[in-house]
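Student: just need the structure, nothing else, for what follows:
(one chain, ligands or ions: 2)
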Amino acid sequence: MTDRPSVLLFGTGAVGSVYLYLLSKTCDTTAVCRSNYAAAKANGFTIHSPQIFGETLHFTPRVARTCADAITLDDGSPVKPFDYIVICSKVTPNTIPALIAPAVTPSHTVIVLLQNGINIEAEYTTAFPTNPIVSGVVYLPVTQTSPGVIQHGDIERLELGAYPSSASSAPTKRFAELIRAGGGTAEVWEDVQFKRWAKLLVNGSWNPICALTRSSDVRFMASSDGPMATDFVFAVMLEIVAIAKAHGYEKVDEKVATAQLERFKKRIDTSKGVGSEPSMLADVREGRRMEVEAIVGNAVRAAKGKGVECVRLETIYVLAKGLDEAIGRALKGQK
Ligand SMILES: NC(=O)C1=CN([C@@H]2O[C@H](COP(=O)(O)OP(=O)(O)OC[C@H]3O[C@@H](n4cnc5c(N)ncnc54)[C@H](OP(=O)(O)O)[C@@H]3O)[C@@H](O)[C@H]2O)C=CC1
Ligand SMILES: CC(C)(CO)C(=O)C(=O)O
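Tutor: Ligands and ions are numbered 1, 2, ... in the order given. Okay, the predicted model is just below:
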C-alpha cells in the first residue's frame, strides 16, 4: 500500500487509456477492461501522441475485468478504498452505476465522468448520494487502433466542474491537480454545464453526421458542391445554441459555434483531405452501439422541454436512433 491516490478507471478504451496514463505518473492505477483485457494484461497500454504527449508512451496499470474483481488483490486481500473512479466508457444510460458500485466507498470515492453528452450525471447522484461527482468535458481526438494501442491527434483539453455546480469544488480541484501533474491540461469551472453545451455543439452535429454518412469531418465537408454540407453542420450547431440558451446558457452563442466550426474547417488545409473521425463514426465502423441518447436524444428532449424547434437535430436523432437499433440487432445476429 502507498500514500499515492488510488484511481480505478472504468472503460479503458481510447480516452480512458490516455487519462490513466497521465494519472499513472502520480497515482496507483487500476484499469477495468473488457475486449482489450487480454492485451492490456499481457502488454499494458501504448499511446502514440506525436503532436501532444510524445511518440510511443507505454504504461502498465493493474488490470481487472470488472469493478468487483478490482477490489481484491491477487492474494485475496482487499485493496485500499479507491480515492477516484474515473468513468470513460461510452454513455449507456442507467447501466454503469450498478457496474461500478462494488468499488465505490460511500462518502469517500470521487466519481469522475469523462464522457460526451448532456444531462448524463443525475443517475450517479441518485445511486451515490454521499459521493462527490465531477463532470468532465473532453477534447481529445483518440482512437484505439488495436487492443491497448491508442492514436492521439491534435488537441488535448479537459474542462472540469462539480456536479451539481452548487457542490463543493474541492474534489474537482484535487483531481485537476493530478491531471496537471501528469502533464495534461485541466480547467476547473464553476458551472461546467456551460462547457458541456459548448462541446455539444461539436458532438451533437459532427458525431451523428459523420456516423450516418460514414465520412470523416473533412470528407463530409467536401461531399457537396459548394458549402452546403458545411452550412448544414453549422445550422445544426445553431439549433443546439437555441436549446442551450433556452436553458439559461446565454454564452453558448453563434460566436462559440463559429469558433467550434472553424477548428474543423482548418483541418481541410492540414489533414491532406483525410480529416478526423469522431468517436461515433469509429463505433459505426466497428459495429458498436452509438451514444445516440446522451449526445442527441437528451438534446432533443431538452429542446422539447422548452418548446424550442430543432427540425434538423430531430431528423438526425431519428435516423441515428434507427441506425443504432440496427447495430443492436446485428450484434444479436438479427436483421
Ligand atoms: N474517442 C474520442 O475521440 C473522444 C471520445 N469522447 C467521449 O469519451 C467517452 C469514451 O469514448 P472512447 O474512449 O472513444 O470509447 P471507447 O469505445 O474507445 O472506450 C470505451 C471503453 O469502455 C469499455 N467498456 C464499456 N462497457 C464496459 C464494461 N461493462 N466493462 C468494462 N469495460 C467496458 C469498452 O470495452 P469494449 O471494447 O469491450 O466495448 C471500451 O474499452 C465517450 O463518452 C465519448 O463520447 C470524448 C472526446 C473524444
Ligand atoms: C470530436 C471529438 C474528437 C472532439 O474531441 C470528440 O469529442 C469525439 O470524437 O467524440
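Student: which residue is the nearest non-sequential neighbour of the residue nearest to the spatial centre of the chain?
Tutor: Centroid-nearest residue in the chain, with CA atoms, centre = their mean: residue 115, separated by 2.6 Å. Sequence neighbours aside, residue 91 is the residue nearest to residue 115 in space, at 5.1 Å (criterion: CB to CB, 6 or more residues apart in numbering). Backbone N, C-alpha and C define where each C-beta goes, glycine included.
Student: how many neighbours does that neighbour have?
Tutor: Here the number of neighbours of residue 91 (other CB atoms under 10 Å) works out to 20.
Student: and it, what does it touch?
Tutor: The contact partners of residue 91, by CB atoms under 8 Å, 6 or more residues apart in numbering, come to 115, 116, 117, 120, 291, 293, 294, 295.
Student: does ligand 2 sit close to stretch 282-293?
Tutor: No - using CB under 6 Å from any ligand atom, stretch 282-293 stays clear of ligand 2, coming no nearer than 7.5 Å.
Student: run a quick neighbour tally on residue 61.
Tutor: Using other CB under 10 Å, residue 61 has 24 other residues around it.
Student: what pLDDT does the residue nearest to it when sequence neighbours are not counted get?
Tutor: Spatial nearest neighbour of residue 61, chain neighbours left out: residue 29 (4.0 Å); criterion: CB to CB, 6+ apart. Here the pLDDT value assigned to residue 29 is 98.
Student: residues of the stretch 101-250 of the chain that sit close to ligand 2?
Tutor: So the stretch 101-250 of the chain meets ligand 2 at 116, 139, 140, 141, 202, 203, 206, 207 (CB under 6 Å from any ligand atom).
Student: the fifth one touches residue 260, doesn't it?
Tutor: This points to residue 202. Yes - between residue 202 and residue 260 there is a contact under CB atoms under 8 Å: 5.3 Å.
Student: for ligand 1, see how far away whatever residue of the stretch 1-150 of the chain ends up closest to ligand 2 is.
Tutor: In the stretch 1-150 of the chain, the residue that lies nearest ligand 2 is residue 141 (3.8 Å; CB to the nearest ligand atom). Residue 141 sits 5 Å away from ligand 1 when distances are taken as CB to the nearest ligand atom, to the nearest Å.
Student: what parts of the stretch 201-335 of the chain come near ligand 1?
Tutor: 279, 291.
Student: make it 5 Å
Tutor: Residues of the stretch 201-335 of the chain lying near ligand 1 by CB under 5 Å from any ligand atom: residue 279.
Student: helices of the stretch 201-335 of the chain, residue ranges please.
Tutor: Taking DSSP state H, counting those that start in this stretch as the test, the helices found in the stretch 201-335 of the chain are 206-213, 217-221, 228-246, 254-270, 279-285, 292, 298-306, 311-331.
Student: which strands or helices does the longest one pack on?
Tutor: In terms of contact count using 3 or more CB pairs under 8 Å, 6 or more residues apart in numbering; DSSP states H and E, helix 311-331 is assigned the packing partners helix 206-213, helix 228-246, helix 279-285, helix 292, helix 298-306.
Student: just the third one next, same as before
Tutor: Identification of packing neighbours for helix 228-246 by 3+ CB pairs under 8 Å, 6+ apart yields helix 192-203, helix 206-213, helix 217-221, helix 254-270, helix 298-306, helix 311-331.
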